[in-house]
Every structure is written in C-alpha cells, then in structure tokens.
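K.L.:
A structural model of the following input is requested.
(2 chains)
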Number of protein chains: 2
Amino acid sequence: MKIAVFGTGNVGDTIGSKLVELGHPVMMGSRTNDNEKAKAFVAKHNGKASAGTFADAAAFGEIVFNCTAGMGSIEALKLAGEKNLDGKVIVDLANSLDFSKGMPPSLAIVNTNSLGEEIQRTFPKTLVVKALNTMWCGLMVNPAMINGGDHNTFICGNEATAKEKVKELLKSFGWLEKNILDLGDITKARGTEMYLPLWLSIYGATNNGAFNIRIVS
Amino acid sequence: MKIAVFGTGNVGDTIGSKLVELGHPVMMGSRTNDNEKAKAFVAKHNGKASAGTFADAAAFGEIVFNCTAGMGSIEALKLAGEKNLDGKVIVDLANSLDFSKGMPPSLAIVNTNSLGEEIQRTFPKTLVVKALNTMWCGLMVNPAMINGGDHNTFICGNEATAKEKVKELLKSFGWLEKNILDLGDITKARGTEMYLPLWLSIYGATNNGAFNIRIVS
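P.N.:
As a prediction, the model looks like this:
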C-alpha cells in the first residue's frame, strides 16, 4: 500500500523506515521538496522511498501518517491540500506539545478538545485514527523490544473500517491484537494526548524512554 | 497515627475503613457535623472512628487524606482552616473532574496547573503529596486484588519527608515499594491528574474499573 509519511523528525524516520522494511512504497512529505532530512531518508532506503512536499506525499499515499510536531500538524495538513487528503485515512501520531512556555511542555489543545479531533474537524472528509502517540517512537515499530511485546497501545477514530486498517498496520509492526485497545470515537484522543504529561514525568523519574504501560486487571 | 479523612463518598469511606482496619484512629470530616454518611461510617466501625466538621477532623488528624470531590477540595480545606492544617501532610487523592459541561467530564484545573499544586499554593504551610488518584478506590487499599499486586502507583510532592510518610502508608495498604514511583515535586500532579481522561476511556472500553497500569520496560 502506498503510504505518505508527514514529518522528517525521529518519528517520521522511524515509521517510514519500518513501512519501507515491510515492503510499502513510502513518500516522506515535508514543507519543501528539498528537505535535507527527507533526502537522507530516501538515500538510506535505496530507491524504495521517495520524498516531496506535503501535497506531493498526500497525493501519492493511500494512507497518511501524521508524524509532524503537533503544533504544526494542522498547517502541514493544510499545505497538503484537502483534495489530496479527502477520503483517506490519516493516522495521527502527534501531540500538541507546546514548549514555548518553558518546561515541562503544556498541551496547546487539551481537555475539551484534542489534536485528533481538531484534525478531523478541519478535514471532515478524512478518516482520522489516533494511534501510537503514547510512547517513544522506537517502541511504536518494535513493541517486542520490551516485556516480550506485552504492553498496550490505543486507537480511536470515528470510522470502524479506518481503525481496522490501522490495526492491521499495527499488527504488522509487531503489536499483538489483544494489546491494541480501541477506545471509541475520535474524542477519545483527549485521553491519549493528555497522558503525555504523565509519560514525561515517568520518563523524567526513570531516565528511560523505552517504557510503556500495560493494563492489568 | 491520628488521621483525618475528608470526604464521605466512596473514596473517603474506602480509605477511612482501611485506616481503621490498620489500627489508626480516624476522624471523617465533612461540611456539617451531622452528615448521614459520616454517621454511618462511625457506626460501622464501632467506636474506632469518629466524625466531625472539616475543621474538627483537621484539628484531630496528624495527617489529612483529601478524598473530597476535586471541584470542592479547595473549599473543604478552607473550611478546615489554615491553623488546623499548617505543618501537616495532606495526601491529595482528588481530581478536578467537572461534570457540568456534560460527559465525558473535563478537568477544571489542567495543563499548566493541577489541583495538587493549587492546594499547595493555597495552603503553603502544608505538605501536599499527590497520591492514589489514578485508580478506582477499591484498588487503592487492596492492590493485591489484581495482577498479584504488581502494578504502579505514583506519588509527588515538594517534601521528601512527607512523601516518605505517605509511602509507608501506601506500603501498609499493600503496595510494593518497587511499584510506588516518586515522580518529583508537586507540579508532577499535572501528569497524574491529566491521566484521568485516559482512565475513563479505558474504563469505557473495557467495562471494568478494577484495572490499573503497570510500567514495563
């Protein structure tokens, strides 16, 4: 499946590389078509990946992974253009972490709204699925790295079929079906995004980002 | 140790009952000294517990468990009176869940502030320790109920000695030392309070409140 990956940071590089490894044609999208990190990504993957503007990548992909920094996600998607996005699944991995007011970062969209909902509202013809935004990117594509892969990830979104597609991709990343918890519609993105301050606190207290949570009952 | 428990709801009753069982003299505090639930609590414990106003309870206790609903916590503590609280540890279990705007509830204090911080700021001579606010009250006092007791609870606060006291109490509730994670100062209450929407979503998706999270790495 042709996949667009928005964002050239660690998350975009990690997700894009895993998708290439799994055999998907991947185009990395960024603000310009000569982004140095995107060029390095393409070079690393020997012609199995390409790069372009957000609009190029959105036009290319059947599905879009939003791996941009949350503060810039809406703008990046606007640059991609509605006509390139409509009808497509947007897997939203971003958190609206706002570092402008000092540390720890706060969330720019929070409490009675979330970035996931804001993307869905701004692009009503897309199918937004919030996923993977609750952990360090290394674990997103390699859950087996810790605890034998037995820990949880969350998805939410308004469309069951879109969530099913994302679930299949997560399984291809190594996630066990029993550990992928569907929280419901896209409003549930509030919960997974608002978990970020706790994530940051745990990271700060343990000095280890390669952790996740497992629900026990 | 003489302990004040503020709040006559499920959390106050559960915490108070456990403290009585552990041999602590407990006074339950509420707005009036003739609260029916407080009277029932006292009756249930055959003279091993007492009840009074927030001020009575605060004067009685060497330590105060705030088990009031978060929206009313600051007011309850004001009714208790600074002179009855100063120098004491306040174990804050509350979350500022605001149901006034419909479901799901939002948080009244959030993102760049937290209820724990607000209590510490309003009563600067107290030692606020945020604890146990991330789970159903049945688990707070009986962690062994699930997963052999192997799951996590968080504490935070500005004073190491106060956190040590609370840690000892948590251990007496059955928490394993290795599972009590000290997140740092009271600003870390933002994280544990902002976890509530995710908690509510997991509860909604699983129809089971008797769950907790375990950090795996």
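
K.L.:
At the geometric centre of chain A, which residue sits there?
P.N.:
Note on chain A: the residue nearest the mean C-alpha position is residue A:93, at 2.3 Å, using CA atoms, centre = their mean.

K.L.:
So residue A:81 sits against residue A:58, correct?
P.N.:
Yes - under the criterion of CB atoms under 8 Å, residue A:81 makes contact with residue A:58 at 6.6 Å. Where C-beta positions appear, they are placed from N, C-alpha and C, glycine not excepted.

K.L.:
ok, and the closest non-adjacent residue to residue A:167?
P.N.:
Once flanking residues are discounted, residue A:167 sits nearest to residue A:180: 5.6 Å by CB to CB, 6 or more residues apart in numbering or on different chains.

K.L.:
I'd like to know the beta-bridge partner residues of that neighbour.
P.N.:
For residue A:180, the beta-bridge partners are residue A:153 (DSSP bridges).

K.L.:
what residues are up against residue A:108?
P.N.:
A:70-71, A:96-98 (CB atoms under 8 Å, 6 or more residues apart in numbering or on different chains).

K.L.:
oh sorry, the question was meant for residue A:116
P.N.:
Taking CB under 8 Å, 6+ apart as the criterion, residue A:116 is in contact with A:92, A:128, A:130, A:156-157, A:186, A:189, A:192-193.

K.L.:
Double-check the residue nearest to residue A:167 against residue A:170; I have them as touching.
P.N.:
Yes - applying CB under 8 Å, one finds residue A:180 in contact with residue A:170, separated by 5.6 Å.

K.L.:
who touches both of these two?
P.N.:
Common neighbours of residue A:180 and residue A:170 (CB under 8 Å, 6+ apart) are A:153, A:155.

K.L.:
Looking at the two, which is more packed in?
P.N.:
Set residue A:180 next to residue A:170 and count neighbours by other CB atoms under 10 Å in any protein chain shown: residue A:170 wins out with 22 against 17.

K.L.:
Next, that one: phi, psi?
P.N.:
The phi/psi pair for residue A:170 (degrees, to the nearest 10) reads phi -60, psi -40.

K.L.:
Quick check, it in contact with residue A:152.
P.N.:
No - applying CB under 8 Å, one finds residue A:170 not in contact with residue A:152, separated by 11.2 Å.

K.L.:
So for these two, which residues contact both of them?
P.N.:
residue A:180.

K.L.:
Stretch A:181-200: end-to-end distance?
P.N.:
By CA to CA, to the nearest Å, the extent of stretch A:181-200 from end to end equals 22 Å.

K.L.:
residues contacting residue A:206?
P.N.:
Counting by CB under 8 Å, 6+ apart, residue A:206 touches B:181, B:215, B:217.

K.L.:
oh, I was asking about residue A:135
P.N.:
A:153, A:199, A:211-212.

K.L.:
if we can go back for a sec, while we're on the residue nearest to the centre of chain A, how confident is the model there?
P.N.:
Per-residue confidence (pLDDT) for residue A:93: 98.

K.L.:
Please look at it and residue A:69 and confirm they touch.
P.N.:
No - between residue A:93 and residue A:69 there is no contact under CB under 8 Å: 10.7 Å.

K.L.:
picking up where we left off before, between the contacts of residue A:206, which is closest to chain A?
P.N.:
Proximity of those to chain A, judged by CB to the nearest CB, is greatest for residue B:217, which lies at 3.8 Å.

K.L.:
how about the strands in chain A?
P.N.:
Ranges of strands in chain A, per DSSP state E, are A:3-6, A:26-30, A:49-53, A:63-66, A:89-92, A:97-98, A:106-107, A:127-131, A:153-157, A:180-184, A:212-216.

K.L.:
Show me the strands paired with the first one, marking each as parallel or antiparallel.
P.N.:
Neighbouring strands of strand A:3-6 in its sheet, by DSSP bridges, are strand A:26-30 (parallel), strand A:63-66 (parallel).

K.L.:
export the ones you listed to CSV and tack on mean pLDDT, distance to residue A:6 and mean neighbour count?
P.N.:
Shown next, in CSV, are these (pLDDT from 0 to 100; distance: least, CB to CB, whole Å; neighbours: other CB atoms under 10 Å in any protein chain shown):
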stretch, mean pLDDT, distance to residue A:6, mean neighbour count
strand A:26-30, 98, 5, 29
strand A:63-66, 98, 5, 27
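
K.L.:
so which of the ones you listed gets nearest residue A:105?
P.N.:
Closest to residue A:105 of these, according to CB to CB: strand A:63-66, at 18.4 Å.

K.L.:
What is the burial count for residue A:161?
P.N.:
For residue A:161, using other CB under 10 Å, the count is 10.

K.L.:
Which residue, neighbours along the chain excluded, lies closest to it?
P.N.:
In space, residue A:161 is closest to residue A:127, 7.8 Å off (CB to CB, 6+ apart).

K.L.:
Now list the buried members of the contacts of residue A:206.
P.N.:
Buried subset of the contacts of residue A:206 (neighbour count, 16 or more other CB atoms under 10 Å in any protein chain shown): B:181, B:215.

K.L.:
Could you export the contacts of residue A:206 as a markdown table, including distance to chain A and pLDDT?
P.N.:
Shown next, in a markdown table, are those (distance: CB to the nearest CB, whole Å; pLDDT from 0 to 100):
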| residue | distance to chain A | pLDDT |
| --- | --- | --- |
| B:181 | 6 | 98 |
| B:215 | 5 | 98 |
| B:217 | 4 | 97 |
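
K.L.:
Enumerate every residue touching residue A:134.
P.N.:
Applying CB under 8 Å, 6+ apart to residue A:134 gives the contacts A:153-154, A:192, A:195-196, A:199, A:212-213.

K.L.:
meant to ask about residue A:133
P.N.:
A:92-95, A:192-193, A:196.

K.L.:
those helices in chain A, which residues are they?
P.N.:
In chain A, the segments counted as helices under DSSP state H are A:10-21, A:36-44, A:54-60, A:73-80, A:82-85, A:115-122, A:137-140, A:160-173, A:189-194, A:196-206.

K.L.:
which of the ones you listed is buried the deepest?
P.N.:
Counting by mean count of other CB atoms under 10 Å in any protein chain shown, helix A:189-194 has the highest mean neighbour count of these, with a mean of 28.
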